[in-house]
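**Student:** Have a look; sequence and predicted model below, questions after that.
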Amino acid sequence: MWIGNSMLFNWLDRNLEKAASQPRLSQGKIFMVHSGAFYDVEKKLLEPGEMPATLHWFKWQNFTTWATGVSLMVVVYYLNGAAFLVDPSVRALTPTVAIAISVGALVVAWLAYDLAWRTLGARAPQVAAALSVALLCGAAWGFAQLFSGRAAYIEIGVIIGTVMTGNVWMVIVPSQRELVDATTAGREQDPTLSIRAKQRSVHNNYLTFPLLFIMLSNHFPSAYGHKLNWLILCVVMFGGAGVRHFMNARYLGAGVELPRARWLLPAAVSGVLGLGGLLALTRVETPRAEVGGPVGFARAQEIIVKRCASCHASAPTDDVFKVAPANVMFDTAAQIQAMAPRILERAVKTSTMPFVNKTQMSDHERAELGAWIAAGARLE
Ligand code: HEC
């Protein structure tokens, strides 16, 4: 709801039609067709006394997103002994310490960001921007040294979401309230508040796509499970913000059509470079261990029963996972064979299974599974 609203209002602003003889307070009009009728919308300021009885605000969409996200963070990452947060092969933190770092980082991140922009935002926005990007990538690197890869991604996502929510409630909504008060009282709006709010709303605009990627990142173990997962995250965040820039800039420049715009070539080049960089970074790694000869099914099954079946079975014995995660079970030969492509992805290429390597699978065993699958994952 929140990001959809943000997209819609940005789109409205970009497509407002400005008439030659426009009423004094009007900023443009737009006509739309949707849900069986026309919408005739005008963006404008109001004369004092024109304030309508009912004024719709758009702030609860943001609050709902943030509140549900943080609740999920607590349920998935903090409960159950922080099983998804802590990865002993990254750092053997106790659940309490890990949760304290995670919560503390949210507070520190907002304070640092807000301070940077309150002090430098008006005088040196470029410095504040460079500082914010450096802090964000630094944090991605830092969390990748502390938490499981997936949790490091989510932590950055919750930081971004918290910064955006802070922007809405501490800067943008107060500025809008001031606009309403000023209009009602028939005076000019305090320009510093509205300039600051505009700046923060531009930030939120550029952060939407990085945030969306992180929300989905759990589905990309090849990204969060990679040795350089923090760098991949930074590249994707840049790319996401770049796509947003593309969308923002598309109709600027008085009707310049898409293919003639001057920024198109640089955008295409950086897109290709970014994509190429990502492909190079996530290039499939060859197993680190050598396997002596061919690996048969009996050996593959032996490894899987030893390293995977404590979770992935009809009756798991793991202390946290009482139901087979993702409904993946390795009870029968047919189940193992059917899952061979995913076993290759999670246990051989990315090492994101066993979960936080809880069952201590060795590189040699990973290589053996890889050899069995490479030879056709046959049942003999
Ligand atoms: C300690 C418990 C645990 C162990 C041991 C474990 N897994 Fe998982 N597995 C999970 C959890 C939790 C999920 C769901 C979250 C995810 O996909 O990362 C999962 C999901 C999966 C999936 C489904 C998602 C997908 O990407 O297709 C596969 C396949 C998988 N595991 C394979 C394995 C293999 C192979 C092993 C052994 C080498 C293994 N797992 C060992 C906990 C475990």
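**Tutor:** Structure received.

**Student:** Is any residue of the helix or strand hosting Val235 near the ligand?
**Tutor:** Using DSSP states H and E, Val235 sits in helix 229-249. No: using CB under 6 Å from any ligand atom, helix 229-249 stays clear of the ligand, with a minimum separation of 13.7 Å. C-beta: built from backbone N, CA, C; applies to glycine.

**Student:** residues of the helix or strand that comes right after that helix that come out buried?
**Tutor:** Sequence-wise, the next helix or strand downstream of helix 229-249 (DSSP H and E) is helix 264-281. By neighbour count with 16 or more other CB atoms under 10 Å, helix 264-281 contains the buried residues Ala267, Leu278, Leu281.

**Student:** wait, what's in contact with Ala333?
**Tutor:** Phe297, Gln301, Leu379 (CB atoms under 8 Å, 6 or more residues apart in numbering).

**Student:** Next, the contact list for the residue of the stretch 51-200 of the chain found nearest the ligand, please.
**Tutor:** Closest residue of the stretch 51-200 of the chain to the ligand, CB to the nearest ligand atom: Arg150 (6.9 Å). Contacts for Arg150 (CB under 8 Å, 6+ apart) come out as Phe84, Ser217, Asn218, Pro221, Tyr224, Gly225.

**Student:** Select from these the one having the most neighbours.
**Tutor:** Tyr224 (24 neighbours; other CB atoms under 10 Å).

**Student:** what about stretch 351-364, near the ligand?
**Tutor:** Yes: contact of stretch 351-364 with the ligand (CB under 6 Å from any ligand atom) involves Met353, Pro354, Phe355, Lys358, Thr359, Met361.

**Student:** what's the farthest-apart pair in the residues you listed?
**Tutor:** By the measure CB to CB, Phe355 and Met361 form the most distant pair in the residues of stretch 351-364 next to the ligand, at 10.6 Å.

**Student:** circling back to that earlier point, now do the helix holding Val235 against helix 264-281, angle only.
**Tutor:** On the basis of axes from the mean of the first three to the mean of the last three CA atoms, to 10 degrees, helix 229-249 is oriented at 160 degrees to helix 264-281.

**Student:** Which residues does helix 229-249 contact?
**Tutor:** Residues contacting helix 229-249 (CB under 8 Å, 6+ apart): 10, 14, 136-137, 140-141, 143-144, 149, 152-153, 156, 205-210, 212-214, 217, 223-224, 226, 261, 263, 267, 270-271, 274-275, 277-278, 281-282.
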